[in-house]
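Chemist: sharing a sequence plus its predicted fold:
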Amino acid sequence: MLDPKLLRENFSATRTALARRSAEAAAAVDPLQELDARRRALQTQVDNLKNQRNVVSKEVGHLKSKGQDATEKIASMKAVGEQIAALDQQLRELEAELEQKALFVPNTPHSSVPDGADAAANREVRRWGEALKYDFKPKPHWELGPQLKILDFERAAKISGSGFVCHWGLGARLQRALIQFMLDLHSRKHGYTEVSPPFVVLEKAMVGTGQLPKFREDMYALKDDPQFLIPTAEVPLTNLFREEILKLADLPVKMCGYTPCFRREAGSAGKDTRGMIRVHQFDKVELVKIVEQEKSYDELEALVRDAEAVLQALELHYRVVLLCAGDMGFCAAKCYDIEVWCPGVGGYLEVSSCSNFETFQARRMNLRYKDAEGKTRICHTLNGSGTALARLTIALLETHQQADGKVSIPAALRPYLGGLEFLSNS
RNA sequence: GGUGAGGUGGCUGAGUGGUCGAAAGCGGCGGUUUGCUAAACCGUUGUACUGGUUAACUCCGGUACCGAGGGUUCGAAUCCCUCCCUCACCGCCA
């Protein structure tokens, strides 16, 4: 959510910034200006009436305590009371409308974010490693997985429908190893506190991190309860501190956590459907930071490096891409994607998305801190995948495959697999 | 799921339908005393919205907030209803 005061004072600048995303984004703020003006006028009116009522009611109290008659004042206030009730009702409706509209306005892009309407305008900022050359045609994971008997798409579909995978045998163990490897890396080397949160959250948590109300159709809602399956650990981890005022000494809050992620992918049917590039449920280790405003952009750079460390340790070639204004997610002010090379698929796949949301999420969840002067300010929140498992597994299998059909395991991961050096189907 | 007890400011904890935004204590902040620390004493102390004012939440006002939402009343922390949460016990259960 954007700062209402800032929006009021810098309306045209904000609108221009939003227009860098899309015309639709810019149009979303238009109704806010007029609604806000009406809201304030109405509130002033109601406040004045309430003041009148408070003053007279106190006089009634004084009169009664002295045993004097107050029936006239009481009668006149009855009418005022009815007026207040009616206007209060209008005010509540107006506020609800205003909030509803405000929740649909995306974040303004940071000045360092390049212009552009879509992925074509994204800017590659660096690469690590290079695409390996193979003296055979590298297979895609949807062939490798079943051959090695570690991925089972058909049986998964039998129990859950399309868009699900079952990890079998060493595949299941590989998932567990990767999760543990990443959690160890981030908690021991990068200073994040490991958190294992609930996988089911209330609607207000989903509103807090910006999944709702706009992206409802992408979420799995529980039928008989008011909760949702989490689409990412970002939701529970960031909301953990909602409605709190943190002390400066407690910042930065750095959390890492493993959760499964549940996504309906309602809008992307038919895209990237092959194998497990896009599935309804995948595992992910997420990194979340809650920081002071002045430090959030430095923390973003560090966050990206922390996520990159995973891929480097697993000897996977990747590139870091700075997203342009039109390609960024709803909440982000600035976002880097990390894309890993997958020789079987024949392209780069996004395994991490690292964003600074500035105050956008924190304002929605009323997450604040006391700064050095003791002033209460809205926190900046950040998160990044560290990293997403389904695609990481794809990259791992496809990159480290050999002509004989085996997949070599990078040295960093072997301790987590009992020293195993290869995946093979024997 | 059932029964009972509770939910009050950063924390502990009072609170009679009308000088209650709320006693008191702790903590925090400022000051005095002191070689330093400590102690003592004095003062101060929330959040949001909003009108005016300003270089500035700078100053002066207003409104709201005692778990949440309704209701009764001229007036609700206080009375009534619904819901949520916490704790205890019972039931069920990995």
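Modeler: Looks like it came in fine.
Chemist: do you know how far the nearest residue to residue A:135 once chain neighbours are set aside is from residue A:165?
Modeler: Spatially, and ignoring its direct neighbours in sequence, residue A:135 is nearest to residue A:403 (6.9 Å; CB to CB, 6 or more residues apart in numbering). Backbone N, C-alpha and C define where each C-beta goes, glycine included. Residue A:403 sits 26 Å away from residue A:165, going by CB to CB, to the nearest Å.
Chemist: how about the residues of the stretch 251-400 of chain A by RNA strand B?
Modeler: Contact residues, the stretch 251-400 of chain A versus RNA strand B (CB under 7 Å from any atom of the strand): A:374, A:376.
Chemist: could you pull out the helices in the stretch 251-400 of chain A for me?
Modeler: With DSSP state H, counting those that start in this stretch as the criterion, the stretch 251-400 of chain A has helices at A:296-313, A:360-365, A:389-399.
Chemist: now do the shortest one: which elements does it pack against?
Modeler: Secondary-structure packing of helix A:360-365 (3 or more CB pairs under 8 Å, 6 or more residues apart in numbering; DSSP states H and E): helix A:203-208, helix A:234-239, strand A:380-388.
Chemist: could you dump the ones you listed into JSON lines with mean pLDDT and mean neighbour count added?
Modeler: Formatted as JSON lines, the helices and strands packed on helix A:360-365 follow (pLDDT from 0 to 100; neighbours: other CB atoms under 10 Å):
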{"stretch": "helix A:203-208", "mean pLDDT": "91", "mean neighbour count": "20"}
{"stretch": "helix A:234-239", "mean pLDDT": "94", "mean neighbour count": "27"}
{"stretch": "strand A:380-388", "mean pLDDT": "95", "mean neighbour count": "28"}
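Chemist: coming back round to it: now do the same for the residue nearest to residue A:135: its pLDDT.
Modeler: Listed pLDDT for residue A:403 reads 95.
Chemist: now do the contacts for it.
Modeler: Listed by CB atoms under 8 Å, 6 or more residues apart in numbering, the contact partners of residue A:403 are A:134, A:135, A:136.
Chemist: need the phi and psi values for the second one.
Modeler: Here the main-chain torsion angles of residue A:135 (degrees, to the nearest 10) amount to phi -90, psi 20.
Chemist: what's the neighbour count on it?
Modeler: Neighbourhood size, residue A:135 [other CB atoms under 10 Å]: 5.
Chemist: quick one: it from residue A:182, how far?
Modeler: 31 Å.
Chemist: could you chop chain A up by domain?
Modeler: A:4-102, A:119-423 (automatic domain parsing).
Chemist: which stretch among those domains is buried most, on average?
Modeler: Ranked by mean neighbour count, those are led by domain A:119-423 with a mean of 19 (mean count of other CB atoms under 10 Å).
Chemist: check the separation of the first and last residues in it.
Modeler: Start-to-end span of domain A:119-423 (CA to CA, to the nearest Å) is 35 Å.
Chemist: tell me how far it lies from the chain's centre.
Modeler: When C-alpha coordinates are averaged (CA atoms, centre = their mean, to the nearest Å), domain A:119-423 and its chain have centres 11 Å apart.
Chemist: residues in contact with residue A:176?
Modeler: When contacts are counted by CB under 8 Å, 6+ apart, residue A:176 touches residue A:416.
Chemist: tell me what angle the helix or strand encompassing it forms with strand A:380-388.
Modeler: According to DSSP states H and E, residue A:176 maps onto helix A:170-184. Taking axes from the mean of the first three to the mean of the last three CA atoms, to 10 degrees, helix A:170-184 and strand A:380-388 form an angle of 150 degrees between their directions.
Chemist: extract the CA atoms of helix A:170-184 and return them as PDB.
Modeler: This file holds the C-alpha atoms of helix A:170-184, laid out as PDB (Å, rounded to 0.1, in the frame of the first residue of the first chain):
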ATOM      1  CA  LEU A 170      16.900 -40.900  -4.200                       C
ATOM      2  CA  GLY A 171      14.800 -38.100  -5.600                       C
ATOM      3  CA  ALA A 172      13.000 -37.700  -2.400                       C
ATOM      4  CA  ARG A 173      16.300 -37.900  -0.500                       C
ATOM      5  CA  LEU A 174      17.800 -35.300  -2.900                       C
ATOM      6  CA  GLN A 175      15.000 -32.900  -2.000                       C
ATOM      7  CA  ARG A 176      15.600 -33.400   1.700                       C
ATOM      8  CA  ALA A 177      19.300 -32.900   1.200                       C
ATOM      9  CA  LEU A 178      18.900 -29.700  -0.800                       C
ATOM     10  CA  ILE A 179      16.600 -28.200   1.800                       C
ATOM     11  CA  GLN A 180      19.000 -29.100   4.600                       C
ATOM     12  CA  PHE A 181      22.000 -27.800   2.600                       C
ATOM     13  CA  MET A 182      20.400 -24.500   1.900                       C
ATOM     14  CA  LEU A 183      19.100 -24.000   5.400                       C
ATOM     15  CA  ASP A 184      22.500 -24.800   6.800                       C
END
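Chemist: residue A:127 is in contact with residue A:312, isn't it?
Modeler: No. Contact criterion CB atoms under 8 Å: residue A:127 and residue A:312 do not qualify, at 11.8 Å.
Chemist: ok, and the closest non-adjacent residue to the residue in the stretch 151-300 of chain A that RNA strand B sits nearest to?
Modeler: Nearest residue of the stretch 151-300 of chain A to RNA strand B (CB to the nearest atom of the strand) works out as residue A:245 at 6.9 Å. Spatial nearest neighbour of residue A:245, excluding adjacent residues (CB to CB, 6+ apart): residue A:368 at 4.8 Å.
Chemist: what sits against residue A:425?
Modeler: Contacts of residue A:425 by CB under 8 Å, 6+ apart are A:147, A:148, A:149, A:405.
Chemist: ok, these vs RNA strand B, which is closest?
Modeler: residue A:149 (28.5 Å).
Chemist: what's the spacing between residue A:112 and residue A:125?
Modeler: 11 Å.
Chemist: which stretches of chain A have low pLDDT?
Modeler: A:267-271 (pLDDT under 70).
Chemist: quick one, longest helix in it?
Modeler: For chain A, the longest helix by residue count, based on DSSP state H, is helix A:23-65.
Chemist: after that one, next one along is what?
Modeler: With DSSP H and E, the next secondary element past helix A:23-65 is helix A:71-102.
Chemist: so the residue nearest to residue A:245 touches residue A:381, yeah?
Modeler: No. Counting by CB under 8 Å, residue A:368 does not reach residue A:381; the two are 11.5 Å apart.
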